[in-house]
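>>> Based on what follows, work out the 3D shape:
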Amino acid sequence: MPKFRHQPTAPTRSQWVAPGAAIDAHRHDDHQIVYAARGVLAVTTGAGTWVAPANRAVWVPAGTVHAHHAHGGLELHLVGLSPAENPLGLDEPAVLTVGPLLRELILAYTRAPGDGSPARARLRAVLLDQLRASPQTPVHLPAPTAPALRALCAILHADPGDPRTLAALGREIGASGRTLSRLFRSDLGMTFPQWRTQLRLYRALVLLAEGTPVTTVAHACGWSSASAFIDVFRRAYGHTPGAHLARGGAEER
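As a prediction, the model looks like this:
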């Protein structure tokens with residue numbers, strides 16, 4: 001992200017983002033919680049992409065250059081927090097689980113921002129308490145820096161359903177499977193199967209947000225059957241892809 005805007009204050013508001021639209025790279029002097037009540041949100045930094053369906057939110061620490069991308073129509077809710085307020089104690093982006101109470105707190109806080117009333121102060125205090133208790137979830141697709149990994153990951157980004165082994169992919173780019181396996185651990189902090197599963201889940205969320213049928217998504221993303229895909233998706237996101245598709249990516253109220 002070589003070019004970006006500097007917007008000192010992170011806004012607190014709700015807004016609609018059209019399908020496929022993006023908010024270009026920028027940074028704030030504040031921390032920010034980014035939550036999509038509908039649609040699938042992708043937040044990209046120089047370190048990779050954090051993907052959040054409607055039961056997840058993304059924590060963006062102060063000073064982090066980031067961009068947003070909407071998959072499906074996005075009902076976006078933004079909560080700005082001063083640099084002195086860090087309820088999570090995190091200095092790197094993270095994906096957080098959004099339970100029913102935290103969801104309603106975020107919606108209420110962002111739909112009527114800035115009135116300065118005691119009631120709003122109490123709402124904010126409860127929101128911060130819920131953020132402190134929110135578990136982190138591993139929905140992060142790290143970006144490679146090693147040239148060999150960049151070449152390999154580009155192949156799989158173009159076709160996440162590519163079934164080839166690491167050794168077979170290595171032969172295409174001129175690197176051994178052993179070398180690539182070591183690079184995945186040292187450069188990305190995960191194994192090749194873990195990274196490929198994250199990529200496939202990311203692509204599945206995007207396709208579901210676009211209204212693609214579950215069976216089509218399963219095969220396009222490399223699962224041998226719809227049932228295998230459903231099992232992995234449920235374990236990752238807490239609900240089935242069919243439920244996600246049926247409600248347009250929005251959590252039930």
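
>>> Every contact and neighbour count from this point should use C-alpha atoms.
Will do.

>>> who are the neighbours in contact with the spatially closest residue to residue 136 that is not a sequence neighbour?
Spatially, and ignoring its direct neighbours in sequence, residue 136 is nearest to residue 96 (4.5 Å; Cα to Cα, 6 or more residues apart in numbering). Taking Cα atoms under 8 Å, 6 or more residues apart in numbering as the contact definition, residue 96 lies against 56-59, 134-137.

>>> Now, of those, which are buried?
Listed as buried from the contacts of residue 96 are 56-59, 134, 136; burial here means 16 or more other Cα atoms under 10 Å.

>>> circling back: and the residue nearest to residue 136, how far from residue 56?
5 Å (Cα to Cα, to the nearest Å).

>>> middle-most residue in this structure, spatially?
residue 51 (1.4 Å; Cα atoms, centre = their mean).

>>> I'd like to know how far that one sits from residue 91.
For residue 51, the distance to residue 91 - Cα to Cα - is 18 Å.

>>> again with residue 176
Counting by Cα to Cα - residue 176 and residue 91 are separated by 35 Å.

>>> For stretch 121-133, give me every contacting residue.
Stretch 121-133 is contacted by residues 87-88, 102, 105-106, 109 when judged by Cα under 8 Å, 6+ apart.

>>> Would you mind identifying the next helix or strand past the helix or strand containing the residue nearest to residue 136?
Applying DSSP states H and E as the criterion places residue 96 in strand 94-97. Per DSSP H and E, the first helix or strand lying C-terminal to strand 94-97 is helix 100-111.

>>> What average pLDDT does that following helix get?
What helix 100-111 shows for mean pLDDT is 93.

>>> which residues are contacting that helix?
Under Cα under 8 Å, 6+ apart, the answer for helix 100-111 is 12-14, 37, 77-79, 120, 123-124, 126-127, 130-131, 253.

>>> Now that helix: buried residues?
Here helix 100-111 shows 102-103, 105-110 as buried, counting by 16+ other Cα under 10 Å.

>>> from those, which is closest to residue 201?
Comparing the buried residues of helix 100-111 against residue 201 with Cα to Cα places residue 103 closest, at 22.6 Å.

>>> The closest one and residue 131, how far apart?
In terms of Cα to Cα, residue 103 sits 10 Å off from residue 131.

>>> again with residue 238
Counting by Cα to Cα, the gap from residue 238 to residue 131 is 19 Å.

>>> In terms of neighbours, single out the busier of the two.
Neighbours around residue 238 and residue 131, counted as other Cα atoms under 10 Å, are more numerous at residue 131. The numbers are 19 against 11.

>>> Which of the contacts of residue 96 fall within strands?
Those of the contacts of residue 96 mapping onto strands are 56-59, 136-137, per DSSP state E.

>>> which one among those residues gets closest to residue 7?
Nearest to residue 7 among the ones in strands among the contacts of residue 96, with distances taken as Cα to Cα, is residue 59, at 16.9 Å.
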